[in-house]
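Chemist: Sequence and predicted model, in that order:
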Amino acid sequence: MDQEELIRVGGRLRHAEDLHQTAIYPIVLDPSHPSTRLLIKDFDSRLHHPGPERVFAEIRRSYWILRGREAVRRYQHTCPECRRWKARPVVPKMADLPPARLRLFKPAFFSTGMDCFGPFQVKVGRRTEKRWGIIFKCLTARGVHLDLLNTIDRDSFLMALRRFIACRGTPAELHSDQGTNFRGEESELPESFAALSPELRQQLAKQKISFHFNPPAAPHFGGVWEREIRSVKAALYTTVGAQPVPEEVLRTVLLEVEGILNSKPLRLLQHQ
């Protein structure tokens, strides 16, 4: 106990001349005292929230906290900044599959997800123009239909949808993100449908397509077709690269990629 009635640690550094007396005889502190917690908080803040060993080593220069490592860890476990910087991502719990993924007894592309990707540079004479790809993904059978768009607008998507229906049949529901070309499509088709004559409307009533949009600012939705776009881009960049090619070449390669994706097995083969 020193002259100020502070309990200090004795040691074998009494003959050290270059050390301060506080380093030779550090003050003993109770680990559960509020003053000790404030002291740890101050050191942790000044050191920008490092690991417990770093904070403990710095405190040991002047203070000797009984069970000091445990006290530092206990404080950092409740420190908001330490928890934020050292937090590990939590794996979210998988939700149930949506009904569109469970149309087991429906034809292919009955429930379809769609999205655009690109742009790609194509040669048109001596100039280059942009083209975008569009993917239609069967949510049940996992089939893929790829096509090219000249522009990212409503009319270009309408033409791509008509080509898709001519090749694959009319889907019952379409799922997409909040793209402006898709969002404009939702309002135009009902208006055109309502303008048809009653007889023609009655014939087309069975082919009416329901549109479902993902919530805005929700990139975790639509993972079924987003993952397929990654496979398409990988195959395109491996084959074509970043160089501009004629539109006919790009369309041909895109259809070949479609054939490769549609030929993959639905599950792993197990040999007996």
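Modeler: Received, thanks.

Chemist: how about the lengthiest strand in the chain: buried residues?
Modeler: Longest strand of the chain, by residue count under DSSP state E: strand 111-124. Under the neighbour-count criterion of 16 or more other Cβ atoms under 10 Å, strand 111-124 has 111, 112, 113, 114, 115, 116, 117, 118, 120, 122, 123 buried. C-betas here are computed from N, CA, C, even on glycine.

Chemist: Which neighbours in the sheet does that strand have, and how are they oriented?
Modeler: Each strand paired with strand 111-124, and its direction, by DSSP bridges: strand 127-138 (antiparallel), strand 173-176 (parallel), strand 245-246 (parallel).

Chemist: closest one to residue 32 among the ones you listed?
Modeler: Shortest distance between residue 32 and the strands paired with strand 111-124, using Cβ to Cβ, is found for strand 173-176: 57.2 Å.

Chemist: Contacts for the closest one, please.
Modeler: By Cβ atoms under 8 Å, 6 or more residues apart in numbering, the residues outside strand 173-176 that reach it are 100, 110-115, 139, 182, 209-214, 222.

Chemist: and what of stretch 14-22?
Modeler: In contact with stretch 14-22 (Cβ under 8 Å, 6+ apart) are residues 13, 24, 61, 62.

Chemist: Show the model's pLDDT score for the nearest residue to residue 8 once chain neighbours are set aside.
Modeler: Nearest residue to residue 8, sequence neighbours excluded (Cβ to Cβ, 6 or more residues apart in numbering): residue 25, at 4.0 Å. Predicted confidence (pLDDT) for residue 25: 82.

Chemist: do residue 163 as well
Modeler: Confidence score, pLDDT, at residue 163: 90.

Chemist: Grab the nearest non-local neighbour of it.
Modeler: Using Cβ to Cβ, 6+ apart and skipping the chain neighbours, the partner closest in space to residue 163 is residue 147 (6.1 Å).

Chemist: Helix or strand: which one has residue 82?
Modeler: helix 80-86 (DSSP states H and E).

Chemist: Flag every buried residue along stretch 225-236.
Modeler: For stretch 225-236, using 16+ other Cβ under 10 Å, the buried residues are 225, 226, 228, 229, 232, 235, 236.

Chemist: my bad, stretch 76-86
Modeler: Quick answer for stretch 76-86 (16+ other Cβ under 10 Å): 76, 79, 82.

Chemist: And the second one, how close does it get to residue 259?
Modeler: Summarising the geometry, the distance separating residue 79 from residue 259, computed by Cβ to Cβ, to the nearest Å, is 56 Å.

Chemist: same thing with the last one?
Modeler: In this structure, residue 82 lies at 53 Å from residue 259, with Cβ to Cβ as the measure.

Chemist: Residue 208 too?
Modeler: 31 Å.

Chemist: ok, and the closest non-adjacent residue to residue 171?
Modeler: residue 112 (4.3 Å).

Chemist: Please give me every residue in contact with the one you found.
Modeler: Counting by Cβ under 8 Å, 6+ apart, residue 112 touches 136, 137, 138, 139, 171, 173, 174, 175.

Chemist: Return the member of those residues nearest to residue 44.
Modeler: Of those, the one sitting nearest to residue 44 (Cβ to Cβ) turns out to be residue 175, at 48.5 Å.

Chemist: tally of neighbours for that closest one?
Modeler: Residue 175 has 24 neighbours, counted by other Cβ atoms under 10 Å.

Chemist: Pull up the gap between it and residue 157, please.
Modeler: 14 Å.

Chemist: And residue 112, by the same measure?
Modeler: Distance from residue 112 to residue 157, by Cβ to Cβ: 13 Å.
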